[in-house]
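# Sequence plus predicted model, see below.
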Amino acid sequence: MPRLPVPSLYLLFLGMTLAAAPHLPRLPWWIALLVVGLLAWRAWVVQRSIALPRRWLILGLAFTTLGMVYLHYKTIFGRDAGVALLVIFLALKLLEMRTLRDVTVVVLLAYFLALTNFFYSQTILTGALMTVTLVVLTTALVGFNAPRRRVRDNLKTGSVLLAQGLPVMLILFILFPRVQGPLWGMPQDAFAGMTGLSDTMTPGNISSLSQSDAIAFRAKFDGEPPPRGRLYWRGPVFWEFDGRTWRAGRVPSAQSYRFEPEGIPVQYEMTVEPHNRQWLFALDLAGQVPPNAYGTSDYQLLSRQPVRNRVRYTMHSFLDYRAVAGATPAELDYARQLPPEVNPRARELALRWRREAKREDDVMLRALDYFRSAGLRYTLTPPLLGANSVDELLFVTKSGFCEHFSSAFVFMMRAAGVPARVVTGYQGGELNPVDQFVVVRQSDAHAWAEVWLPSRGWVRVDPTAAVVPVRVESGLAAAVPDTEPLSLLVRVDATWLRQLRFSWEALANRWNQWVLGYNPERQREFLNLLGMPSPDWQKMATTLFWAVGGVVTLIALFVLRRRLSKDPVQRVWLAFCAKLARAGTERRPSEGPTEFAERAGRAHPARAGMVDGVAKLYADLRYGPQRDPDGLARLARMVREFRV
């Protein structure tokens, strides 16, 4: 059995490593160790020219690892378990790879393993790494089929093969009818790693997000964005409190999203990153409901399906408004409820404010004055609170984050008989000067309060702004000391580093908008620009067929012409065949030079010797082991002098 070429084997190992490397941090440690060990085993076999392991040993390893994967993931199906098995079985396949057929199977499996990286990440870096992986694997495949060629020549051939597919790939990307969501049905564990706001609020929930620089969404305004202090992006609203945790409680009515707008609306476009929840975000207060979504009586915007893909929608919002929905007697009573016998000191203080105040407005102002003057400290690492969390925050630790202050404020409003609720979302955002998008990160997560005032409706009150105004005006990094554990990108001050980050994020946004976000709506917009009005799947399929056919034909003609123009021996031989064809002896496509020469010699016996000489010289020059430096000139002279 012929040996597989060693350089191509090592290229195959490199390609497999590039395809598997992004998965290794996500896999159990023993899988990473096993894969490295199997690769080293196969490399040792190649280096020492020893026999491959017996089949029973490979089967034993396969069934053992299958059981271990099942014990770890509790299944062998789904994204994570499936990728783990693919990585293991691909490494095991190396230990039984003996023939070219085995090599082809391994390379195709490695191609698929490279594809699985996009189940976890679709960034530019992932695309670039997998492109390099494809080039390496294709070069290895060419090398196995042409074992005597240099690696440099195989790399050139592999790159040309992939480049020839680029036009077809672009046509398929532009014209293939798009569907909502991915083309493959993903299992539920595909969305397990998504982060963002929670459907509950407990002290520590939002402060943990402050250490993440992941992007929550982007907004592109028509004109100048509003001041940072007015950028309140509304998310989940919480009504129920058990003494420690806030929850949404009863689902508000979806039929009474109404308010009284004031002033001119702000126009903008939102691009929300996937977070596996139904919340959609908008500036407080949204003047419209996005497609495939609905609004609730507490002014939440909810998608009809969990947001598992990037969502883009156009919005307008009113920064000044009078919110009057969600204020029936039952709802207002719901917004006053508190668990009994918790936070007695805070209750007593709130009741005193109520006795001394004439209106709900006065109670709210007394509470804000107290938060300003009580010596409260804004910190990302507040101490743990016990059962009476509000009492401990206001009178003992006096240290908290936005969720602590909003929770305490709403508790005291309710204790004073004033309807109130907690609103979470994001506050602020950073304008990227490269593409003019306002970027809102997870570190901008925020919580504030809403209080019902009979004369004004639901009014936003931000107790964090009373404690540390710079948080709302300048952002999180300006509000906490340098010793607090913030992400480097949130604190970065170097101008060149900020500019580099802005440029990279603008490029990533273009990638998201036009590649990852090329959905049916975006496809229709683009095809309209190309002169295809009202495109449907029949028009796109027809155009796709002719475009791909035309491109493939052009590529084939270009390659054939280039090959002929680069092979003077073939060109001279074709000229010789043309002379015989004009004399009535046309070469069949399946005929080789020797067979054709015998038939032509019988048809033209007077020239049989010259025909045989031309054919033999052509075969030597074309297929011989060594090239005769003067052979081409002799062949051209013989063909030129040939007459029938």
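Sure thing, it's come through. Predicted model only: the values in this text are computed from it and were never measured. Residues are numbered from 1 along each chain as shown.
# show me where pLDDT drops low in this structure?
By pLDDT under 70, the low-scoring segments of the chain are 1-2, 179-195, 204-207, 209-210, 251-255, 477-494, 560-566, 626-627.
# how far away is the residue positioned nearest the centre of it from G517?
Residue closest to the average C-alpha location in the chain (C-alpha atoms, centre = their mean): Q122, at 3.1 Å. According to C-beta to C-beta, to the nearest Å, Q122 stands 10 Å off from G517. The C-beta positions use only the backbone N, C-alpha and C, and glycine is treated the same way.
# Likewise for P25?
As judged by C-beta to C-beta, P25 and G517 stand 27 Å apart.
# Please identify which of those two sits among more neighbours.
Higher neighbour count among P25 and G517: G517, with 17 against 8, using other C-beta atoms under 10 Å.
# nearest residue to the more buried one other than its sequence neighbours?
Excluding its sequence neighbours, the residue lying closest to G517 (C-beta to C-beta, 6 or more residues apart in numbering) is R310, at 5.5 Å.
# who's in contact with the one you found?
Neighbouring residues of R310 by C-beta atoms under 8 Å, 6 or more residues apart in numbering: T271, V272, E273, P274, N512, L516, G517.
# Considering those residues, which is situated nearest to G584?
Using C-beta to C-beta, the shortest approach to G584 within those belongs to L516, at 62.1 Å.
# Now for that closest one: which residues touch it?
By C-beta under 8 Å, 6+ apart, L516 lies in contact with Q122, R310.
# next one: L497
L497 touches nothing, counting by C-beta under 8 Å, 6+ apart.
# same thing with R587?
So R587 contacts C577, L580, A581, F596 (C-beta under 8 Å, 6+ apart).
# switch to 10 Å and redo it
573-574, 576-578, 580-581, 593, 595-597, 599-600 (C-beta atoms under 10 Å, 6 or more residues apart in numbering).
# who wins for most neighbours among those?
Highest neighbour count within these: A600, with 25 neighbours (other C-beta under 10 Å).
# SS state for it?
Secondary structure, DSSP: H, G, I helix; E, B strand; the rest coil: A600 is helix.
# quick one: A323 from V451, how far?
Applying C-beta to C-beta, the value for A323 to V451 is 11 Å.
# The nearest residue to R312 once chain neighbours are set aside and L115, how far apart?
Nearest residue to R312, sequence neighbours excluded (C-beta to C-beta, 6+ apart): T271, at 4.8 Å. Distance from T271 to L115, counting by C-beta to C-beta: 25 Å.
# Can you give me the buried ones in the longest helix seen in the chain?
Counting residues, the longest helix in the chain under DSSP state H turns out to be helix 537-566. For helix 537-566, the neighbour count (16 or more other C-beta atoms under 10 Å) marks M540, T543, L544, A547, V551 as buried.
# Also stretch 101-117?
V103, V106, V107, L109, A110, Y111, L113, A114, T116, N117.
# now swap in stretch 152-171 and tell me
N154, L155, T157, G158, P167, I171.
# Contacts made by that stretch with the rest, please.
By C-beta under 10 Å, 6+ apart, stretch 152-171 touches 5, 7-8, 11, 131, 134-147, 149-150, 172, 543-544, 546-548, 550-552, 554-556, 558-559.
# Check stretch 544-557 too.
If you take C-beta under 10 Å, 6+ apart as the criterion, stretch 544-557 is touched by 163-168, 170-172, 174-177, 537.
# for the host helix or strand of D362, packing partners?
Take DSSP states H and E as the rule and D362 turns out to sit in helix 360-373. Under the contact definition 3 or more C-beta pairs under 10 Å, 6 or more residues apart in numbering; DSSP states H and E, helix 360-373 sits against helix 344-356, helix 402-415, strand 420-427, strand 445-453, strand 457-461, helix 463-467.
# Pipe the ones you listed into a markdown table and attach distance to H316 per row.
Listed next are those as a markdown table, based on distance: least, C-beta to C-beta, whole Å:
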| stretch | distance to H316 |
| --- | --- |
| helix 344-356 | 38 |
| helix 402-415 | 27 |
| strand 420-427 | 18 |
| strand 445-453 | 21 |
| strand 457-461 | 19 |
| helix 463-467 | 25 |
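# what about these, which gets the closest to A506?
Comparison of the helices and strands packed on helix 360-373 against A506 by C-beta to C-beta identifies strand 420-427 as nearest, at 20.1 Å.
# which parts of that closest one are buried?
Here strand 420-427 shows A420, R421, V422, V423, T424, G425, Y426, Q427 as buried, counting by 16+ other C-beta under 10 Å.
# Tell me how this protein divides into domains.
As given by automatic domain parsing, the domain ranges for the chain are 6-175, 200-491, 567-641.
# Make sure V515 is indeed in a helix.
Yes: using three-state DSSP, the secondary structure at V515 is a helix.
# contacting residues for it?
Going by C-beta under 10 Å, 6+ apart, V515 touches Q122, I124, G127, F173.
# closest to M315 among those residues?
Q122 (24.7 Å).
# Not counting sequence-adjacent ones, nearest residue to the closest one?
L516 (5.3 Å).
# same question, T65
I88 (4.9 Å).
# Which secondary structure state is assigned to G613?
Following three-state DSSP, the label given to G613 is helix.
# Check G223 too.
When classified by three-state DSSP, G223 comes out as coil.
# my read: it touches P265, true?
No: using C-beta atoms under 10 Å, G223 is not in contact with P265, being 11.8 Å away.
# Who has more neighbours out of these two?
Set G223 next to P265 and count neighbours by other C-beta under 10 Å: P265 wins out with 18 against 8.
# residue contacts, the more buried one?
Residues near P265 by C-beta under 10 Å, 6+ apart: L283, L285, A286, G287, Q288, M315, H316, S317, F318, L319, D320, Y321.
# How about R230?
Here R230 is in contact with V266, L283, D284, L319, D320, Q427, G428, V472 (criterion: C-beta under 10 Å, 6+ apart).
# swap in A43?
Applying C-beta under 10 Å, 6+ apart, we find A43 in contact with L9, Y10, F13, L94.
# can you confirm it is in a helix?
Yes: when three-state DSSP is applied, A43 is found to be in a helix.
# Parallel or antiparallel, which strands does the helix or strand in which K220 is found pair with?
Using DSSP H and E, K220 maps to strand 215-221. In the sheet, strand 215-221 lines up against strand 266-272 (antiparallel), strand 438-441 (antiparallel) (DSSP bridges).
# so it versus strand 445-453, what angle?
Between strand 215-221 and strand 445-453, the angle comes out at 60 degrees (axes from the mean of the first three to the mean of the last three C-alpha atoms, to 10 degrees).
# what element comes up after strand 215-221 heading to the C-terminus?
Using DSSP H and E, the first helix or strand after strand 215-221 is strand 232-238.
# quick one on the thing from earlier: nearest to A32 among the contacts of stretch 544-557?
Distance to A32, by C-beta to C-beta, is smallest for G165 among those, at 32.4 Å.
# Helix 537-566 and the helix or strand containing the closest one, what's the angle between them?
Element membership for G165 (DSSP H and E) is helix 151-175. Angle of helix 151-175 versus helix 537-566, following the same axes, to 10 degrees, is 160 degrees.
# Run the chain-centre distance for the helix or strand just after helix 151-175.
Where DSSP H and E defines the elements, the next helix or strand beyond helix 151-175 is strand 200-201. Centre-to-centre, strand 200-201 and its host chain are 27 Å apart (C-alpha atoms, centre = their mean, to the nearest Å).
# in terms of contact, does K616 touch E598 like I think?
No: look at K616 against E598 with C-beta under 10 Å: they stay out of range, at 11.5 Å.
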